[in-house]
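Participant: Structure here, sequence nowhere to be found:
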């Protein structure tokens, strides 16, 4: 009977203690939801690639990355720290302490991910802006060339303009003629000011030109 009472008493002390420790370590998953949305928004507004990232793929990427942080990296780091910890706090369940440590490590990693994504976006920003400016300068130079020809066929087909980047600051832009089989093309070098535009005598579209060896 005494053994049973001691077991019940121990159980009664264990669960409140465990609950208190669990509540101390209940920040990771709420942080996961908030941080994932923030990471996705940063990826969309400050993409680390010049092609940009739409909001839905950005949130999916953030979700996957943060799941790796909280599901793989955080438990691994917490276990390593746990193995080197001082003696467990008296009266606290060791497993609950490990869960709290995992929670806090995971929360810290999530907050660090915001800083990392923001830093990547800011670092890539000058490159993205430069790429966009070069593309716009290429389009303006080619449009000026077409308008300068005074050719009605070319002018009415300006909306078919297609551009490929052949190198740094170097583009080939084409527009289709009325029959859609022949094209009017030009090379644009945006490294000079104003950009240097050279007519390409080839009537091949960019798709065929890029496929050529």
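Facilitator: The structure has been received and is ready for your questions. All values derive from a computational prediction rather than experimental measurement.
Participant: contacts and neighbour counts: CA atoms only from here.
Facilitator: Noted.
Participant: Tell me the pLDDT of the residue nearest the centre of the chain.
Facilitator: Computing the C-alpha centroid of the chain and ranking residues by Cα atoms, centre = their mean puts residue 43 first, at 4.2 Å. Model confidence at residue 43, given as pLDDT, is 89.
Participant: pLDDT wise, what is the closest residue to it other than its chain neighbours at?
Facilitator: In space, and not counting its chain neighbours, residue 43 is closest to residue 58: 5.7 Å by Cα to Cα, 6 or more residues apart in numbering. pLDDT, residue 58: 90.
Participant: that's a strand at the residue nearest to the centre of the chain, yeah?
Facilitator: No: going by DSSP: H, G, I helix; E, B strand; the rest coil, the assignment for residue 43 is helix, not a strand.
Participant: hang on, isn't the residue nearest to residue 43 packed against residue 48?
Facilitator: No: using Cα atoms under 8 Å, residue 58 is not in contact with residue 48; the gap is 11.0 Å.
Participant: what helices or strands is the longest helix anywhere in the chain leaning on?
Facilitator: In the chain, taking DSSP state H as the definition, the longest helix is helix 94-149. In terms of contacts (3 or more Cα pairs under 8 Å, 6 or more residues apart in numbering; DSSP states H and E), helix 94-149 is packed against helix 2-24, helix 28-45, helix 74-83, helix 152-156, strand 183-189, strand 196-200.
Participant: what about it, distance to the chain center?
Facilitator: 6 Å (Cα atoms, centre = their mean, to the nearest Å).
Participant: Could you give the average pLDDT over it?
Facilitator: 80.
Participant: ok and that helix relative to helix 74-83, angle-wise?
Facilitator: Counting by axes from the mean of the first three to the mean of the last three Cα atoms, to 10 degrees, helix 94-149 points 140 degrees away from the direction of helix 74-83.
Participant: List the residues that contact residue 37.
Facilitator: Residue 37 makes contacts with 59, 62, as judged by Cα atoms under 8 Å, 6 or more residues apart in numbering.
Participant: beta partners of residue 187?
Facilitator: residue 172, residue 198 (DSSP bridges).
Participant: That one - how many residues pack around it?
Facilitator: Neighbours of residue 187 under the rule other Cα atoms under 10 Å: 21.
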